[in-house]
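Chemist: Pasted the sequence and its predicted model underneath.
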Amino acid sequence: MTYEEIRAARLQKPFGPFRLRMLTGQEYVIRAEETLLITPRNLVFFSSPSGSVVMSSADEVESLSYVGNSNKVGA
């Protein structure tokens, strides 16, 4: 995925939660736009179930899908 695709999902109005599926198979739900920081090289977000902060790159994201919707962006 690209940072632009992920940024577009974060900036949609009104905001809708979305799921990031990583190449490792792990999935993270972004429930609020404030829980995702996008820098030129990294994605930093809060993982609700574990309570941890995750740092990744857009290259590690396999797909993005909106929660409660079958629309999927990416592979």
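Modeler: Sure, I can see it.

Chemist: Which elements pack onto the helix or strand harbouring Ala8?
Modeler: Take DSSP states H and E as the rule and Ala8 turns out to sit in helix 3-11. In terms of contacts (3 or more C-beta pairs under 8 Å, 6 or more residues apart in numbering; DSSP states H and E), helix 3-11 is packed against strand 36-38, strand 61-66, strand 72-74. Backbone N, C-alpha and C define where each C-beta goes, glycine included.

Chemist: Could you say which of those strands is packed most deeply?
Modeler: Mean neighbour count, computed with mean count of other C-beta atoms under 10 Å, is highest for strand 61-66 among the helices and strands packed on helix 3-11, reaching a mean of 18.

Chemist: What strands flank that strand, and is each parallel or antiparallel?
Modeler: In the sheet, strand 61-66 lines up against strand 18-22 (antiparallel), strand 72-74 (antiparallel) (DSSP bridges).

Chemist: what's the least confident stretch among these?
Modeler: Ranked by mean pLDDT, those bottom out at strand 72-74, with a mean of 58.

Chemist: just to revisit the earlier point, mind checking which of the helices and strands packed on helix 3-11 is nearest Val54?
Modeler: The closest of these to Val54 is strand 36-38. By C-beta to C-beta, the value is 9.9 Å.

Chemist: circling back to that earlier point, got the CA coordinates for the helix holding Ala8 in CSV?
Modeler: The C-alpha coordinates for helix 3-11 follow below in CSV (Å, rounded to 0.1, in the frame of the first residue of the first chain):
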residue,chain,number,x,y,z
TYR,A,3,1.1,6.3,2.4
GLU,A,4,-1.3,8.3,0.2
GLU,A,5,-3.9,5.5,0.2
ILE,A,6,-3.7,5.2,4.0
ARG,A,7,-3.7,8.9,4.5
ALA,A,8,-6.9,9.2,2.3
ALA,A,9,-8.7,6.7,4.6
ARG,A,10,-7.6,8.6,7.7
LEU,A,11,-8.7,11.9,6.3
